[in-house]
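Colleague: Take a look and give me a structure for this.
(one chain, ligands or ions: 1)
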Amino acid sequence: MNIEGMLRYQKLDREVNQLNEQFRTSEATKQYNKYMKLYKQTIEDGKRMSGVISEHFLNVERLTKQYEKLLSDIDEYYKGVDEINDLKQADYYEKQLMKLYSALEAIEKELDNVRKELIKLDADAKAFFANVNNYFVAVKRSTPEMEKVKLEIQLKAKEVMSAQKEIEKTIEPELFEKYKKAKEVAKFPPLVPFDEATNSCMGCGLELSKDIAAKLRQEGGLEFCPNCNRLVYKQ
Ligand SMILES: [Zn+2]
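Modeller: Numbering: from 1, shown residues only. Next up is the predicted model:
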């Protein structure tokens, strides 16, 4: 087994990881991410606000319909006034009218409240548009610098990865597949030596079972650590 080659490949994997980290923590990327996050947050806030506004408009529509219905009810009552024959009836009409008028007043109040809410939201909407615009400009401004850093790092990573391709040709597919599997699930480094003196995984320090340790002592021994999922090899 070409463990030497696999270890050289792993060393280059570390370089790729470091380059990714370098990109992620660069000032340009941080700036870009900060503005992008703010921009997305503002859009989300805007969506919520637009939901509230449409609810208010639905409310206005509902209240207006109620208002119109009450007005036509009042109209009907006035038409009936000509046919009042006694005081008792007049009293009844008056009470009914009073009820309708106070219902009308309640709706007017509600509409007024909605109007006040909408005025407040109008100011929020103006602030929203200003924010969206500001953050959009900030994202646009910070993009070229971030792209520049990205390109530089990608070029370096490409070099490292093409060196890895060359090494890969010299590695047995079985070993390479096992390495890839460990890389997916374990912390870096995925390939670690077996400590023969203590029978343990040198990745996490776990003392391996007799069975695994025996397999590792054989020529070309290669086993997964049940604790850290790293691939353990005999030195
Ligand atoms: Zn381990």
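
Colleague: by contact count, what packs against the strand ranked longest in the chain?
Modeller: Ranked by residue count, the top strand of the chain under DSSP state E comes out as strand 191-195. With contacts defined as 3 or more CB pairs under 8 Å, 6 or more residues apart in numbering; DSSP states H and E, the packing partners of strand 191-195 are helix 3-24, strand 200-201, strand 231-233. To be clear about C-beta, it is placed using only N, CA and C from the backbone, and glycine gets the same treatment.

Colleague: which bits of this protein sit near the ion?
Modeller: Applying CB under 5 Å from the ion, we find that the chain lies next to the ion at 201, 203-204, 206, 225, 227-228.

Colleague: Put together JSON lines for the residues you listed, with pLDDT on each row.
Modeller: Listed next are these as JSON lines, based on pLDDT from 0 to 100:
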{"residue": "Cys201", "pLDDT": "96"}
{"residue": "Gly203", "pLDDT": "96"}
{"residue": "Cys204", "pLDDT": "96"}
{"residue": "Leu206", "pLDDT": "94"}
{"residue": "Cys225", "pLDDT": "96"}
{"residue": "Asn227", "pLDDT": "96"}
{"residue": "Cys228", "pLDDT": "96"}
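
Colleague: For the helix or strand hosting Leu111, name the packing helices and strands.
Modeller: Using DSSP states H and E, Leu111 falls within helix 87-168. With contacts taken as 3+ CB pairs under 8 Å, 6+ apart, helix 87-168 sits against helix 3-24, helix 27-80.

Colleague: for those helices, which one ends up most surrounded?
Modeller: Most buried of those, by mean neighbour count (mean count of other CB atoms under 10 Å): helix 3-24, with a mean of 16.

Colleague: follow-up on the earlier one: okay, the helices and strands packed on helix 87-168 in TSV with mean pLDDT next?
Modeller: Shown next, in TSV, are those (pLDDT from 0 to 100):
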stretch	mean pLDDT
helix 3-24	97
helix 27-80	94
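
Colleague: Those helices into a markdown table, with extra columns for distance to Ile167?
Modeller: Formatted as a markdown table, these follow (distance: least, CB to CB, whole Å):
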| stretch | distance to Ile167 |
| --- | --- |
| helix 3-24 | 5 |
| helix 27-80 | 29 |
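
Colleague: Can you tell me, leaving aside adjacent residues, what's nearest to Leu118?
Modeller: In space, Leu118 comes closest to His56 once its chain neighbours are excluded; the distance is 5.7 Å by CB to CB, 6 or more residues apart in numbering.

Colleague: what do you get for Lys183?
Modeller: In space, Lys183 is closest to Pro190, 4.3 Å off (CB to CB, 6+ apart).

Colleague: Neighbours of that neighbour, how many?
Modeller: For Pro190, the neighbour count with other CB atoms under 10 Å is 23.

Colleague: can you check Met202 too?
Modeller: 17.

Colleague: Paired strands for the longest strand of the chain, with orientation please.
Modeller: Strand 191-195 has the following sheet partners, assigned by DSSP bridges: strand 200-201 (antiparallel), strand 231-233 (parallel).

Colleague: among these, which is the most enclosed?
Modeller: For the strands paired with strand 191-195, the largest average neighbour count (mean count of other CB under 10 Å) is found in strand 231-233, namely a mean of 24.
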